[in-house]
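Engineer: Predicted model and sequence below, questions to follow.
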Amino acid sequence: MQITANQFLDLLRKVNGTTIVTILAVIPIQMNVWKISSVNGIIGYNYENSVNYQRIRENKPADFIPLDRSWGIHDGALRFYKNEYYLSIKVEKASSFYEDDEGNKIDFTEKKKKKSSRQGLKKEIIVRDYKLKHIKSIRMNGIQYEIGE
């Protein structure tokens, strides 16, 4: 189903509770290099509960208390920062590759993201925030949405 960017924002504002999604994001990395990411995960999650449930599965006390995030205003599944909306996803599975402006796959190495030093987990809870303007499609509640301008 084709939707506009404004309809996409409205759709995400209506998310109530946890929702499983798969997104396709096209992210500019540097001049002429794009990261194409397919991400399956959960929106509308509770980060503290997610970490503590994983701590229980790893036979550790459920005593994790997160620090407040240092940027943006939290609004359900969304975060608002510097006049842009971001979708916050608890990542379950992700795959990425890189393309140049002509759509050719290229080798490119990004800096590794550092692991959380506070969770104390073997299986880290990974959270990523994607600018809405970089999300080209989303599948949620059994419906595939293609986002246009």
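Structural biologist: Yep, it's here.
Engineer: did I read that right, residue 8 in a strand?
Structural biologist: No. Residue 8: not assigned to a strand; according to DSSP: H, G, I helix; E, B strand; the rest coil it is helix.
Engineer: I'd say it and residue 135 touch.
Structural biologist: Yes. The pair residue 8 and residue 135 passes the contact test of C-beta atoms under 8 Å, sitting 7.4 Å apart. For every residue, glycine as well, the C-beta is placed using N, CA and C.
Engineer: what do these two both touch?
Structural biologist: With C-beta atoms under 8 Å, 6 or more residues apart in numbering applied, the overlap between the contact sets of residue 8 and residue 135 consists of residue 147.
Engineer: More neighbours: which of these two?
Structural biologist: Counting neighbours by other C-beta atoms under 10 Å for residue 8 and for residue 135 shows that residue 135 has the greater number, 24 against 21.
Engineer: residues touching that one, list them.
Structural biologist: Residues in contact with residue 135 (C-beta under 8 Å, 6+ apart) are 8, 23, 24, 25, 87, 147.
Engineer: Give the other helices and strands that the helix or strand bottoming out on mean pLDDT in the chain contacts.
Structural biologist: Least confident helix or strand, the chain: strand 73-75 with a mean of 84, by mean pLDDT, DSSP states H and E. Judged by 3 or more C-beta pairs under 8 Å, 6 or more residues apart in numbering; DSSP states H and E, strand 73-75 is in contact with strand 78-81.
Engineer: avg pLDDT for the helix or strand following the strand it packs on?
Structural biologist: Downstream of strand 78-81, the next assigned helix or strand under DSSP states H and E is strand 84-99. Confidence for strand 84-99, expressed as mean pLDDT, is 95.
Engineer: Please list the outside residues in contact with strand 84-99.
Structural biologist: The contact list for strand 84-99 (C-beta under 8 Å, 6+ apart) reads 9, 12, 21, 23, 29, 33-43, 45, 47, 50, 72, 74, 77-80, 105-108, 125-133, 135.
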